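A.B. asks: Whatever this is, show me its structure:
(chains A and B)
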Amino acid sequence: MTDNLQTDKLLLDADRWFPIGRADDAPFRHVLQTKLLGRELAVWRADDGFVNVWDNRCLHRGVRLTVGMNEGVELRCLYHGWRYASRDGGCTYIPAHPADAPAQTIRNRTFPAVERHGLIWTTLGDAAPAEPLPELALDDPFALRSLPFSASPALVNRHLDNADPTALFFVQPVDAHECVVHSVLAATPPAHEQISVWRHHADELTRVRDAVEAIAAGLPAPEPLVVALERIEPQEQGVPMPRARSDAELRVRVARKWSTATGVVALELDSIGDPLPAPQPGSHIDVHLPNGLVRQYSLTNRSGDAASYVIGVKLEPNSRGGSSCIHDVLREGDVVAISAPRNNFTLRRDAADTILIAGGIGLTPLLAMAETLQAGGLSYSLHAFAQSSEHLAFADRIENLGEAATTHLGRSPAETGEALDSILATPDDDAHIYICGPGPMLDAARSRAEGHGWPDSSVHFEYFRNDTEVDNSSAFTLNLARSGLTLSVGPGETILEVLRSAGVAMPSSCEQGACGTCVVGVVSGVPVHQDVYLNPTERAAGDRIATCVSRSADDNLVLDL
Amino acid sequence: MSDATRVCTDPAILDLWHPVAAVPELTAAGDTSMLLGSQIAYGTDETDGPWVHRLDADAPVAVRIDFGFLWTCFGEPPDALFDIPEAAEPDRRILNAGSIKVATSAPRAVENFLDMGHFPYVHTGILGAEPRTEVVEYRAALENNEVWAHDCQFYQPLASASAASGQMTDYTYRVPHPYCVLLYKSVPTDPSRRDVIGLFVQAMTEETIRAHNFLCMVDETTSDTGLRRFQQMIFSQDKPILENQHPKRLPLDPRIETPIRADQSAIVYRRWLTDMGVTYAVIPAA
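C.D. replies: Sure, this is the predicted structure:
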């Protein structure tokens, strides 16, 4: 009896590895619905083979992700088309707001997945299970029929001794009164025997099931397990947290370093530890170099492709030690610190056509955009300008884009201008233009777009270096009444960002003024409300502010933090 | 859910009129259904007219007829139901477009009705189409204790049964009752007028509803059947979404789900339910 009690307890312990399906239940481009300990799970295999185990709930409106689409690198929710990246589960695109980069906090609850013995295993606990996955010498496992039982996992477990002992049994506790028995043979039978072996074991297990369910029917049914609804961001507001985070929060290893063009090296950066945050096209990372310098580089990864980050670095002739350190010092195998990706160059995916114009190393964010649009089957063209074919970075990937990509090699400034004129000749209300490249070329492209009648709102660009004067008119000072901190909020910075970088823990969720999670009290000052959460009365009262989008009307705002 | 058949005790809900059936569907023999967790019987009598009987209390309850539907009230009946002035216009086509049972909560159905962002994904090629997925800013607020959303716009390939081609369609949304929602939509053939489409939700239990579809249209050409079919096609596309939402009851804590700016009307709606003290068919904020 002691044994049984022990088993009962263990079988409902979240901090253990459990099988959740056969490996072939999760073929490519499919989303498997399963359940473990009362928690519904969506299981899907990315095109690179990675198996994702997520809560089966879109973060937006709770729709099952298993009715969504496995698009290979991302899972798309059926309801509003939100996309979530494989591995890290981060949201990469919210179609209702094509110009906005989804907040990093919008990230699915993920669970680890291991494929072993022909089955997929996961664990729901916060910590790694103390007991490792069963190590069995199964060189060539053969997964048999998985059978659902209407009985408690412990009861089923006790009766599996009555089944054919040549198979190994693994119990998936679905709920308090429900489980699935997965069974595996140590060796795959010869092809001509497989069907009869399969049938024999299925019949044997069905016989056990009939007996167990008959016993279970005479016992009181246990209450179903209750899985608490988790808040998106459970963290409490205002609690100080260690400062180290934000800017250099990730450690990556240089998995590969290669020359992709004259004077340009490419780096492939692999995570050591947790999966890398999901990249959105147009996003960049800060790279903390061994010599202490910090440089920003665009990711070339297409949307959601978080297997490893790939950046391209051009050796600047007047390098102050950034690009030269990467070219000359950094080696494969080295570990560097990077920031999570940030996206200030968001790609709209709602345009009838998209024109991407790249000058030199300005190609990197546009390559991410081109591959994203290509994968989405959207109409676009990429124009890559370079000094010569030897100077064209990532030429193989450009080649893979096929007819959508055009290279413009060795053009003089005048010829570049003519090419731009022809690309931009016909303004189109339903098209958008994205430009990245050296200053003079960028200015030429922008002024020509304007000359041909393209509206400002359709022309998006990113300078390598922000050479332009910043507009300081929207800057203000923030005083925190309780902690006594004084902080300054610059243009383009949000109150939320400034608070966080000062080490003030701030919960947030949507980061677009819709959910109210980051609302704090205002002690004095006049908020400029830019959220949609507070009602007119609350706005007029001026005693609360949504820190993710709203600002201050005066030079000074005092918050109740 | 063990409390899925909980009987409603919220005064804010009990003291309201709730829809039961379309008038043409009423029979002399009577039918049974559920409302707010209680068994009901309803029908029509040649001399006394329509009736509703609450079976758990074994007592007749108040009734009224409005907009072609039978309504009842378990609590203190208000003098009137919300008004739809357009319904009184002489050339309006007023139709019930089906009473459909759905395994969801009433507020989930109301929110789905208020939502434009799903048009390209759920009503593909009809009320929306990729890649035109943007929900542009609109204004949502409480007005006279009703939720209103103004200046809503969405690109629609086939906005209604009478539409010939794609167009930007203007919408106004109105939630005059916690479980009833209306939309006003520009008429393709007459830009000066607006069709009114409603969803009157009968909360059978916290997690099951009958959705009564109400049409009040300006359309001289489409047949009754054509108008009904169009509305039923749209609703049949929403139904599997509603039945795959978890939790079924609407969570009022804004941190359980992630709203975006496009959900402004739902944000106002959820806060309104919280402020009214509604606990039935929702998960109240902690």
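
A.B. asks: Going along the chain, name the strands of the stretch 1-150 of chain A.
C.D. replies: For the stretch 1-150 of chain A, applying DSSP state E, counting those that start in this stretch gives strands covering A:18-22, A:31-36, A:39-45, A:51-55, A:69-70, A:74-76, A:83-85, A:91-93, A:110-111, A:113-116, A:119-122, A:142-143, A:147-149.

A.B. asks: Format those as TSV; extra columns: mean pLDDT.
C.D. replies: Formatted as TSV, those follow (pLDDT from 0 to 100):
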stretch	mean pLDDT
strand A:18-22	95
strand A:31-36	98
strand A:39-45	97
strand A:51-55	97
strand A:69-70	98
strand A:74-76	97
strand A:83-85	97
strand A:91-93	96
strand A:110-111	94
strand A:113-116	94
strand A:119-122	96
strand A:142-143	91
strand A:147-149	96
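
A.B. asks: what's the closest of the ones you listed to chain B?
C.D. replies: Of all those, it is strand A:39-45 that lies closest to chain B, at 7.1 Å by Cβ to the nearest Cβ. Placement of C-beta: from N, CA and C, glycine included.

A.B. asks: Chain A contacts on chain B?
C.D. replies: B:111, B:116-118, B:120-122, B:130-135, B:140-142, B:240-241, B:244-247, B:251, B:253-264, B:267-268, B:271, B:283 (Cβ under 8 Å from any Cβ of the partner chain).

A.B. asks: Now a ChimeraX select for only the buried ones of the residues you listed.
C.D. replies: To isolate the buried subset of these in ChimeraX, counting by 16 or more other Cβ atoms under 10 Å in any protein chain shown, use the following:
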select /B:111,116,117,118,120,121,122,130,131,132,133,134,135,140,142,241,244,245,246,247,251,253,254,255,256,257,258,259,260,261,262,263,264,267,268,271,283
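
A.B. asks: if I look at the residue of chain A most remote from its centre, how far off is chain B?
C.D. replies: Most distant from the centre of chain A: A:Gly218, at 47.7 Å, with distances by Cα atoms, centre = their mean. Noted for A:Gly218: a distance of 22 Å to chain B, by Cβ to the nearest Cβ, to the nearest Å.

A.B. asks: give me the low-pLDDT residue ranges for chain A?
C.D. replies: Within chain A, the stretches with pLDDT under 70 are A:1-11, A:232-248, A:464-473.

A.B. asks: Mark out where each domain of it begins and ends.
C.D. replies: What the record gives for chain A is the domain set A:2-217, A:246-343, A:353-463, A:472-559, from automatic domain parsing.

A.B. asks: ok, how many other residues are close to the residue lying closest to A:Thr188 once chain neighbours are set aside?
C.D. replies: In space, and not counting its chain neighbours, A:Thr188 is closest to A:Phe142: 4.2 Å by Cβ to Cβ, 6 or more residues apart in numbering or on different chains. Neighbour count for A:Phe142, taken as other Cβ atoms under 10 Å in any protein chain shown: 19.

A.B. asks: Residue 275: how many residues sit nearby?
C.D. replies: I went with chain A, as the question did not name one. Quick note: A:Pro275 (other Cβ under 10 Å) scores 17 neighbours.

A.B. asks: if you could check chain B rather than the one you did, that'd help
C.D. replies: B:Asp275: 12 neighbours (other Cβ under 10 Å).

A.B. asks: still on that earlier bit, want to throw the strands of the stretch 1-150 of chain A into CSV with distance to A:Arg199?
C.D. replies: Below are the strands of the stretch 1-150 of chain A laid out as CSV (distance: least, Cβ to Cβ, whole Å):
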stretch, distance to A:Arg199
strand A:18-22, 17
strand A:31-36, 24
strand A:39-45, 27
strand A:51-55, 28
strand A:69-70, 31
strand A:74-76, 35
strand A:83-85, 39
strand A:91-93, 45
strand A:110-111, 33
strand A:113-116, 25
strand A:119-122, 20
strand A:142-143, 13
strand A:147-149, 13
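
A.B. asks: among those, which is nearest A:Ala449?
C.D. replies: Between A:Ala449 and the strands of the stretch 1-150 of chain A, the shortest gap by Cβ to Cβ is with strand A:91-93, which sits at 25.0 Å.

A.B. asks: who does that closest one touch, helix- and strand-wise?
C.D. replies: strand A:83-85 (3 or more Cβ pairs under 8 Å, 6 or more residues apart in numbering or on different chains; DSSP states H and E).
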